[in-house]
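Enquirer: quick one, structure for this:
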Amino acid sequence: MKIKLLVSILALSVLTITGCKKSKVTPTPDPPIVDPPVATATRQQLSLDSIFLYAKEIYYWNDALPTYQAFNPRSYTSATTDLANYNNELFAITRYKINPSTGKSYEYYEADPTDTKYSYIQDVTTKNPSAFVASQKSSVDLEGNGNDFGIRLGFYGSNASYVIYATAIYQGSPAETAGFLRGDKITKINGAEYGTNFPSQVSAIETALNGTTIKLEGINSLGNPFNITLTKAVFKSSPIYKTKILTAGTKKIGYLAYARFSSMTNSQAEFDAAFSSFAAAGVNDLIIDLRYNGGGYIETAEYLINLIAPPSLTGSTMFTEHYNATMQNNQATILKNQPLLDRNNKVQYSNGKIVNLFDYTKDPYSVENNTSKFAKKGSLNGVTNVVFIVSSGTASASELVINSLKPHVNVKLVGLTTYGKPVGFFPITIENKYDVYFSLFETKNSLGNGGYYTGIAPDISASEVPANTVMYDFGNVNDNYLKLALNALAPGVVVTGQAKLSAAKERSLAVQSSEVINSDLNNNEFKGMIENRTRRKN
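Expert: Numbers count the residues shown, from 1 in each chain. Just a heads-up that it's a prediction; the model follows:
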């Protein structure tokens, strides 16, 4: 359905104080409110207007935005494509609100100051990945759909001397079918050797990953050489990398490595199977590996929290969502232009009228109506300790799980400081083509704690992971991060039931990997926290 764009504008009155010789002050008249011209406006101009006008009402930091006239949204036309112009405008919008603790905008992205840390725009016609593209927000989407090689590469060492590892293999992908595992070392790509000049070589690696075929040579997890050609393919991927039950003395520890908070359709069955096995084995402690998990759906994060939480918490506050004052006071009338879609992305009707995001229920954006309560799921009831393995790629819904459990369970973090994204969003559609993801709300736990914009620091840091260590598959207790996590739960206890690594691999892979570069081309991983639970109310 064609969504009519808002073309009127709400302008704030500006009071200018001027001085005179007698120190008297007289206000100048309020400037007239001038609506942007509509009759002669192009499609692009109307969309530029809409992006700003939506931000004025629903953007979490809308209180810092200037008037329409001062911002002049139609001036963002220097790029060669509509999407690039819209992104440039969104970037400008995100520069206004300054975080007093950093002196930079809340959406300042240190890894790439030319990009936004949270908000973004997506062309829905290219939503599902068709290739590895660094600018994309996901390799496998939140429905579990992939269309590439299914291998994630990491680069460790210095610019002059680095090693390439497979850091993750997507379930169901060509790479998994070919037998690749996390920890496989790659020495050649398409016949070319890599490892001596990272800045000049990374572009060629990205190009190779964006092809339809790729030839990888190296040494596998058994210390044996391989030479494998992969062909890009469509695949369905589970979000769970690995589950295991580890024994440390008398302790039974459940381990789960989770890739993304995908849809409940994609995640629930796998979650239920994992936690049923944990319960059957008498697990009381958990290690949840979220080092590469950039977030996803809040609904799925809530489900994982309820699988971990004890039954006694049922009915108590899990977390709250806080929108801006305009939203909370039900004054964001611009949302009348956005239909409330059902789970199948279909427009909903009530009494012959389209249900919209403004008034689909009473006070939809109040804190009271956006307070999530615990509701125990599954049969694992005795969890007392949870260790989360985290990194700078751990974001959004992952951080929501950690922050929500902290007041109620003994939680420890092992690894590196997380990404820092306590804000979430839902999409705003323009032109029936672009989904705009403004930062819309901040989440806080039951104690009112949130605001981790610079990340959540680990209790046990892995920043000093020693050089000359190798990479291991998920769940292998030789992995340094997992070693630290296990030691936090069972200090000094030897974990049994895990085979020792072969000497061949120790010899072959014992090379510098001190994480000086610590880059894994993960800009294409989705980082976000999408609120899709409103659809449950209809």
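
Enquirer: in three-state terms, label residue 481 for me.
Expert: helix (DSSP: H, G, I helix; E, B strand; the rest coil).

Enquirer: any low-confidence regions in this protein?
Expert: Where the chain drops to pLDDT under 70, the residues are 1-39, 127-138, 464-469, 497-525, 534-538.

Enquirer: mind running it again at 50?
Expert: 1-33, 128-137, 467-468, 498-523, 535-538 (pLDDT under 50).

Enquirer: domains of it?
Expert: 118-237+502-527, 238-320+366-420+455-501 (automatic domain parsing).

Enquirer: any chance of JSON lines for those domains, columns distance to residue 332 and mean neighbour count?
Expert: Every C-beta, even on glycine, is put in place using the N, C-alpha and C of the backbone. JSON lines is the format used below for the domains of the chain (distance: least, CB to CB, whole Å; neighbours: other CB atoms under 10 Å):
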{"stretch": "domain 118-237+502-527", "distance to residue 332": "16", "mean neighbour count": "18"}
{"stretch": "domain 238-320+366-420+455-501", "distance to residue 332": "12", "mean neighbour count": "20"}
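
Enquirer: redo those as CSV? Include distance to residue 432.
Expert: Putting these into CSV (distance: least, CB to CB, whole Å) gives the following:
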stretch, distance to residue 432
domain 118-237+502-527, 8
domain 238-320+366-420+455-501, 22
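
Enquirer: of the ones you listed, which is nearest residue 54?
Expert: domain 118-237+502-527 (11.2 Å; CB to CB).

Enquirer: end-to-end on the closest one?
Expert: 8 Å (CA to CA, to the nearest Å).

Enquirer: related to what we said a few turns ago, which one of the domains of the chain lies closest to residue 326?
Expert: Per CB to CB, nearest to residue 326 of the domains of the chain: domain 238-320+366-420+455-501, 12.3 Å.

Enquirer: distance from the chain centre to the closest one, please.
Expert: Domain 238-320+366-420+455-501 has its C-alpha centroid displaced from the chain centroid by 16 Å (CA atoms, centre = their mean, to the nearest Å).

Enquirer: from now on call the first residue 33
Expert: Happy to do that; since the first residue is 33 now, the last one works out to domain 270-352+398-452+487-533.

Enquirer: any chance of the backbone angles for residue 305?
Expert: Here is the backbone geometry of residue 305 (degrees, to the nearest 10): phi -60, psi -40.

Enquirer: sorry, back to before: for residue 73, find the nearest of the domains of the chain.
Expert: Nearest to residue 73, of these and by CB to CB, is domain 150-269+534-559 at 19.7 Å.

Enquirer: partners of the strand or helix carrying residue 354 in the sheet?
Expert: Taking DSSP states H and E as the definition, one finds residue 354 inside strand 349-355. Partners of strand 349-355 in the sheet, by DSSP bridges, are strand 403-405 (antiparallel), strand 473-477 (antiparallel).

Enquirer: restricting to C-alpha, output it in CSV.
Expert: C-alpha atoms of strand 349-355 as CSV (Å, rounded to 0.1, in the frame of the first residue of the first chain):
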residue,chain,number,x,y,z
THR,A,349,10.1,-6.6,36.1
MET,A,350,12.7,-7.8,33.5
PHE,A,351,13.4,-4.5,31.7
THR,A,352,11.7,-1.3,30.6
GLU,A,353,11.8,0.7,27.4
HIS,A,354,12.0,4.5,27.5
TYR,A,355,10.9,6.6,24.5
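
Enquirer: which stretch among the domains of the chain comes nearest residue 379?
Expert: Comparing these by CB to CB, domain 150-269+534-559 comes nearest, at 15.3 Å.

Enquirer: which residues does residue 415 contact?
Expert: 315, 316, 317, 318, 340, 341, 342, 441 (CB atoms under 8 Å, 6 or more residues apart in numbering).

Enquirer: cool, and residue 265?
Expert: Applying CB under 8 Å, 6+ apart, the residues near residue 265 are 179, 205, 206.

Enquirer: what about residue 375, neighbour count?
Expert: 12 (other CB atoms under 10 Å).

Enquirer: all strands of the stretch 383-532 of the chain, in order?
Expert: 385-386, 403-405, 417-422, 442-447, 455-456, 460-462, 466-469, 473-477, 492-493, 527-528 (DSSP state E, counting those that start in this stretch).

Enquirer: also the stretch 183-332 of the chain?
Expert: With DSSP E, counting those that start in this stretch as the criterion, the stretch 183-332 of the chain has strands spanning 183-189, 194-201, 217-221, 224-225, 245-251, 257-263, 265-268, 272-280, 283-290, 317-321, 327-329.

Enquirer: helices and strands around the shortest one, which ones?
Expert: Under the contact definition 3 or more CB pairs under 8 Å, 6 or more residues apart in numbering; DSSP states H and E, strand 224-225 sits against no other helix or strand.

Enquirer: still on that earlier bit, same list (the strands of the stretch 383-532 of the chain) but as CSV, adding distance to residue 248.
Expert: Output for those, formatted as CSV (distance: least, CB to CB, whole Å):
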stretch, distance to residue 248
strand 385-386, 50
strand 403-405, 43
strand 417-422, 26
strand 442-447, 27
strand 455-456, 37
strand 460-462, 39
strand 466-469, 34
strand 473-477, 40
strand 492-493, 32
strand 527-528, 31
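
Enquirer: between the ones you listed, which one is nearest to residue 138?
Expert: Once the strands of the stretch 383-532 of the chain are compared by CB to CB, strand 455-456 is nearest, at 8.1 Å.

Enquirer: that closest one pairs with which strands, and in what direction?
Expert: strand 473-477 (antiparallel).

Enquirer: ok, now which ones touch the residue lying closest to residue 304 once chain neighbours are set aside?
Expert: Distances taken as CB to CB, 6 or more residues apart in numbering put residue 410 closest to residue 304, at 6.6 Å, once the chain neighbours are dropped. Taking CB under 8 Å, 6+ apart as the criterion, residue 410 is in contact with 303, 304, 307, 308, 311, 338, 339.
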